[in-house]
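Asker: what follows is a predicted protein model with its sequence.
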Amino acid sequence: MGNSDGSARSLSDILTELESRLSTCTPEEKQKVLASITKIAVSLNSARTQPVPEVRPDIRDDGFWQFDPPREKKYRRPDFDTPPGSYDVSISGSHDPSRAQQPEPIPAKGTLPDGNVRKPLSDHQTIPSDAADSVVRKYGFSHEGLLSYVTVRSRTTDNLYSHFSRDVALSHRSAPESEFRSLAPVPFQSYVPQFSHMSSQQIEYYRAWREEVRNGSYPSCDLSYIILYIYEIINLPDIIPPQKGVKILSSLWIAYRGAYPRIDGFLGEWMADYCLIHETPLPKALLPYIPRIVPKSQFKEFYLHPLLILARSEEKNNVSLFGRAVMETLSDYDYTQSKCYLPNRDFYDAELPYLLGKFITRAVSGSIPPLSLDRVYSLTRESYSGAIVSPGIKMRIDLSFLSFSRKAESRQVITAAVKECENRIRCVLGIKSKLKTDPLPAEIQYSLTAALNSVYPLTARTQNQEPDYMEYYEPESTGYDYDSAAELEYSSWTNTERLTGEDLISPSPEESADEDLPVGAIVSAEPAADTESSMSASDSPDGRITETRDQDMTVKGAVRAALDGSFALFCRENRLNEGNTADLVNSLFLDILGDVIIEPDASGTSYNLVEDYRKDIEEWLLTF
């Protein structure tokens, strides 16, 4: 405060001195001085009312590195010594050490912490735990097929579609109010169709369509209506007997699989589950469609089982059906793409599946690996995957079965067998070309050959039989006429004479002399020596090759004509072919000069002399 008072007295002195001087100032200066005095007075009053801050010594430390004390650690490591099934509950701020030593038990499933039973929030029912995985049905099959044992168990689930069973039962008993013909098509598209998702018009259309199906008529409709009817059959085994339900499912499948190929995918699985759960065999009406269904099914042995039993009877239709099903499932070769298929379509379709089925049945019955049934497979299926099923309908199916299609080597063997069957068919048809096949194990090859020979034995006739079209290439047999042959020979020599310019028809003196000889006369094979014609290249004085006298004259005349530019005229006058004459001349000069001297022009119609060799040709003519 002392410093503050000192400052105030010094300011008072200043103000007194300023007031004494105001009398000598002009009015403007006096106004400025009064403003300054006012500011000083305001500063003086503020200095009196506010405390003066303490002046800290300059020690060059602003306290930047002075940290607050650490906070209290709130995390506590868990106590792993606490027995399982319990946990400790503590509240921050009111921690009781004695309470921490007594962990509270975890509430039982389905109850609240206070011990009261938890009640469901909806009408979704839960299957009792004591009924979980209980065996509903257990049975076995005969040893002639692939299936061995089946165990059906109930499945514990919190089903969300408990209301669906009531809706399905109510709709099943409800009759349509109108006939199907009087109703206009009502579209209905749903991935999971339910009655709660349908309008009144869609429900009425569904009931009318279902009535038509019950009467054996299958009008066109959307796929969702078909799936909803399948759900109805699956969920009402007590109202719709399984023996009747499987026939309805198969009839729906056959009627609508052409319009909706997707049915093969999901109904192929649901049909297998439905038959296995209720111990119901497949309808015979569905058997012809199995070859197209098996490749799309996950549990292929279910559909191959009845076909194998039928194929063991060796009836041709049954064997062909089994062979076609295996071929569609395991073969990588499609015989319908063969170049020989279209001309022989009917024979291929009738015989090739039969031959393959014959072989597979023999191999399976004879336990020939890899087609032998020497291994037992186990499989657990969840029934009706992707379908809406009510509580008590969804089951767990434990399967025990045999299989030859699950082995890695089976596909290679079946593919090679299909090609071998086609080769045998080609042999029967007289087609010489054959398919190249992979080598098979000796035991499999022997069984395949035996199966093929049992139907079409490989005889000499089938091996060497000529195809029917070869008859069009056989020469006509009209006998031999000597006069016609002589006339044909004479006309041929006449044409040759016209082309070459030589007299080839008139007999030479030597030939006439030969004709006068008796039959037993001996004629010498050595011709008379001619000093000029028999002279070799080494005997001639200039070392050049000489020809016979007639050819020499022809060559000399042709060369002179070529020098004069009248080669074509020379050939016409002497009835010679320009090309042959040019070849005769060039063959001689190839030995003399090493090149040809007469070449055709660009058009190839006339021949001209090579001017580079004119001087050499003139010298050759002087020495000729």
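Answerer: Arrived safely, thanks for sending.

Asker: going forward, measure contacts between C-alpha atoms and count neighbours the same way
Answerer: Fine.

Asker: ranges for the strands of the protein?
Answerer: Assigned by DSSP state E, the chain shows strands spanning 86-87, 104-105, 135-140, 147-154, 376-382, 395-402, 598-600, 607-609.

Asker: residues in contact with the last one?
Answerer: Counting by Cα atoms under 8 Å, 6 or more residues apart in numbering, the neighbours of strand 607-609 from elsewhere in the structure are A562, L563, G565, F567, A568, E578, A582, I597, I598, E599, P600, D601.

Asker: list the buried ones in it?
Answerer: Within strand 607-609, the residues that count as buried by 16 or more other Cα atoms under 10 Å are Y607, N608, L609.

Asker: what strands line up against it, and which way round?
Answerer: Take DSSP bridges as the rule and strand 607-609 pairs in its sheet with strand 598-600 (antiparallel).

Asker: list the contacts of the partner strand.
Answerer: In contact with strand 598-600 (Cα under 8 Å, 6+ apart) are residues A562, A582, V585, N586, S606, Y607, N608, L609, V610.

Asker: how about stretch 348-365?
Answerer: With Cα under 8 Å, 6+ apart as the criterion, stretch 348-365 contacts 308, 311-312, 314, 316-317, 319-324, 326-327, 341, 369, 371-373, 417-418, 421-422, 425, 444, 447-448, 451-452, 455.

Asker: share the number of residues neighbouring the nearest residue to N586 once chain neighbours are set aside, please.
Answerer: Using Cα to Cα, 6 or more residues apart in numbering and skipping the chain neighbours, the partner closest in space to N586 is V596 (4.7 Å). As a burial measure, V596 scores 19 neighbours (other Cα atoms under 10 Å).

Asker: shouldn't V596 be in contact with L590?
Answerer: Yes - at 5.9 Å, V596 and L590 qualify as touching, with contact defined as Cα atoms under 8 Å.

Asker: what sits in contact with each of those two?
Answerer: Joint contacts of V596 and L590 (Cα under 8 Å, 6+ apart) do not exist.

Asker: can you give me the helices for the stretch 101-250 of the chain?
Answerer: 162-173, 200-214, 223-235, 242-256 (DSSP state H, counting those that start in this stretch).

Asker: deepest-packed of those helices, please.
Answerer: helix 223-235 (a mean of 22; mean count of other Cα atoms under 10 Å).

Asker: angle of that one against helix 200-214?
Answerer: 70 degrees (axes from the mean of the first three to the mean of the last three Cα atoms, to 10 degrees).

Asker: packing partners of helix 223-235?
Answerer: helix 162-173, helix 242-256 (3 or more Cα pairs under 8 Å, 6 or more residues apart in numbering; DSSP states H and E).

Asker: domains of this protein?
Answerer: Annotated domains of the chain cover 2-49, 135-455, 549-622 [automatic domain parsing].

Asker: deepest in the core, which of those is it.
Answerer: The stretch of the domains of the chain with the highest mean neighbour count (mean count of other Cα under 10 Å) is domain 135-455, at a mean of 17.

Asker: from one end of it to the other, what's the distance?
Answerer: Start and end residues of domain 135-455 are separated by 48 Å (Cα to Cα, to the nearest Å).

Asker: so who does V42 touch?
Answerer: No contacts exist for V42 under Cα under 8 Å, 6+ apart.

Asker: how close does it sit to S36?
Answerer: 10 Å.

Asker: T16 now?
Answerer: Taken as Cα to Cα, the span from T16 to S36 is 13 Å.

Asker: now stretch 406-424, how far from the centre of its chain.
Answerer: Mean-position distance between stretch 406-424 and its chain equals 20 Å (Cα atoms, centre = their mean, to the nearest Å).

Asker: mind saving the C-alpha coords of it as CSV?
Answerer: Included here for stretch 406-424 are C-alpha records, laid out as CSV according to Å, rounded to 0.1, in the frame of the first residue of the first chain:
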residue,chain,number,x,y,z
ARG,A,406,-17.8,-89.9,-53.1
LYS,A,407,-14.4,-91.4,-54.1
ALA,A,408,-12.0,-89.1,-56.0
GLU,A,409,-11.1,-91.9,-58.5
SER,A,410,-14.8,-92.6,-59.4
ARG,A,411,-15.1,-89.6,-61.7
GLN,A,412,-12.1,-90.5,-63.8
VAL,A,413,-13.3,-94.1,-64.1
ILE,A,414,-16.8,-93.2,-65.1
THR,A,415,-15.6,-90.6,-67.7
ALA,A,416,-13.3,-93.2,-69.3
ALA,A,417,-16.1,-95.8,-69.2
VAL,A,418,-18.4,-93.5,-71.1
LYS,A,419,-15.8,-93.0,-73.9
GLU,A,420,-15.3,-96.8,-74.1
CYS,A,421,-19.0,-97.3,-74.4
GLU,A,422,-19.2,-94.8,-77.3
ASN,A,423,-16.2,-96.5,-79.0
ARG,A,424,-18.1,-99.8,-78.9
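
Asker: name the spans of the stretch 151-300 of the chain whose pLDDT lies under the cut-off.
Answerer: For the stretch 151-300 of the chain, the stretches flagged by pLDDT under 70 are 156-160.

Asker: mind redoing it with 90?
Answerer: 155-171, 173-174, 191-192, 196-197 (pLDDT under 90).

Asker: which residues does the residue nearest to N586 contact?
Answerer: V596 neighbours (Cα under 8 Å, 6+ apart): N586, S587, F589, L590, V610.

Asker: next, name the residue at the spatial heart of the protein.
Answerer: Closest to where the C-alpha atoms of the chain average out (Cα atoms, centre = their mean) is D332, at 11.5 Å.

Asker: my guess is that one contacts R411, does it?
Answerer: Yes - using Cα under 8 Å, D332 makes contact with R411 at a distance of 7.5 Å.

Asker: so how far is stretch 251-263 off the chain centroid?
Answerer: The answer for stretch 251-263 is 24 Å, by Cα atoms, centre = their mean.

Asker: for stretch 300-312, same thing?
Answerer: 27 Å.

Asker: who touches that stretch?
Answerer: So stretch 300-312 is in contact with 144-147, 272, 287, 290, 294, 318-319, 321-322, 325, 357, 361, 401-403, going by Cα under 8 Å, 6+ apart.

Asker: any regions of the stretch 451-600 of the chain where pLDDT drops low?
Answerer: Those would be 457-600, if you go by pLDDT under 90 across the stretch 451-600 of the chain.

Asker: show me where it has its helices.
Answerer: 460-464, 482-500, 509-516, 549-564, 567-573, 578-592.

Asker: save those helices as CSV, and put in distance to S217 too.
Answerer: Shown next, in CSV, are the helices of the stretch 451-600 of the chain (distance: least, Cα to Cα, whole Å):
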stretch, distance to S217
helix 460-464, 51
helix 482-500, 79
helix 509-516, 99
helix 549-564, 97
helix 567-573, 92
helix 578-592, 86
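
Asker: sounds good, over and out.
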